[in-house]
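Novice: quick check, what structure comes out for this input:
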Amino acid sequence: MKAPFTFSRFLPLAERLLSRGRLPALLLSVTHKLRGRGTGKLRDDVMLLSALCAAWWRGEYRAISGKAMLSVVAGLLYFVSPIDAIPDWLLGVGMLDDIVVLGWVMKVLSGELDAFRAWREQQSPERLRDAERVPEGTKVLEGEYLGR
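Specialist: This is a model prediction of the structure:
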């Protein structure tokens, strides 16, 4: 299945973000964008991808290929980016491209995401909460977060 045409330009950005250890800042941005957005499939998908990134960053879950992780991060970058194919501020249509990109990521990585879901089901609620905890905002933005 071919990637959405605008997705590929987010892959180098995702690679840079991962190599510079800035994944917590992305997770914080995702959390802020989701705030006040109700419920639904898009929210559930974004929350699953965000949980996967948090567990991976903390070293709790590493059973995902590097290429798949890069695609997850690129998908989340696309989601938080105000400059994508259809700007999010366009009411009624601004989120359509985000839905397409995230839907593609979910479909292409369904096997990897199923494995992550199975891993989550095996964890105690306390361990899962710690593994998927999003770092605090100001520490992440200042680059001081060391609480892995």
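Novice: spit out the contact partners of residue 35.
Specialist: By Cβ atoms under 8 Å, 6 or more residues apart in numbering, the contact set of residue 35 is empty. Quick note: C-beta positions are derived from backbone N, CA and C, even for glycine.
Novice: do you know how far the residue lying closest to residue 57 once chain neighbours are set aside is from residue 52?
Specialist: Nearest-residue entry for residue 57: residue 23, 4.8 Å, with adjacent residues in sequence omitted and distances by Cβ to Cβ, 6 or more residues apart in numbering. According to Cβ to Cβ, to the nearest Å, residue 23 stands 11 Å off from residue 52.
Novice: repeat that for residue 108.
Specialist: 14 Å.
Novice: got it, and residue 97?
Specialist: 22 Å.
Novice: now do residue 132
Specialist: 8 Å.
Novice: with residue 14 instead?
Specialist: For residue 14 relative to residue 52 (Cβ to Cβ), the value is 14 Å.
Novice: so how many other residues sit close to residue 2?
Specialist: Residues within reach of residue 2, counting by other Cβ atoms under 10 Å, total 8.
Novice: also the one 10 residues further on?
Specialist: A total of 11 residues lie near residue 12 under the criterion other Cβ under 10 Å.
Novice: which of the helices or strands spans it?
Specialist: Element membership for residue 12, per DSSP states H and E: helix 11-19.
Novice: residues in contact with whatever helix or strand comes next after that helix?
Specialist: Going down the chain from helix 11-19, the next helix or strand is helix 23-34, by DSSP H and E. The contact list for helix 23-34, computed with Cβ under 8 Å, 6+ apart, reads 17, 43, 46-47, 50, 53-54, 56-57, 73, 76-77, 79-80, 134-135, 137, 140-141, 145.
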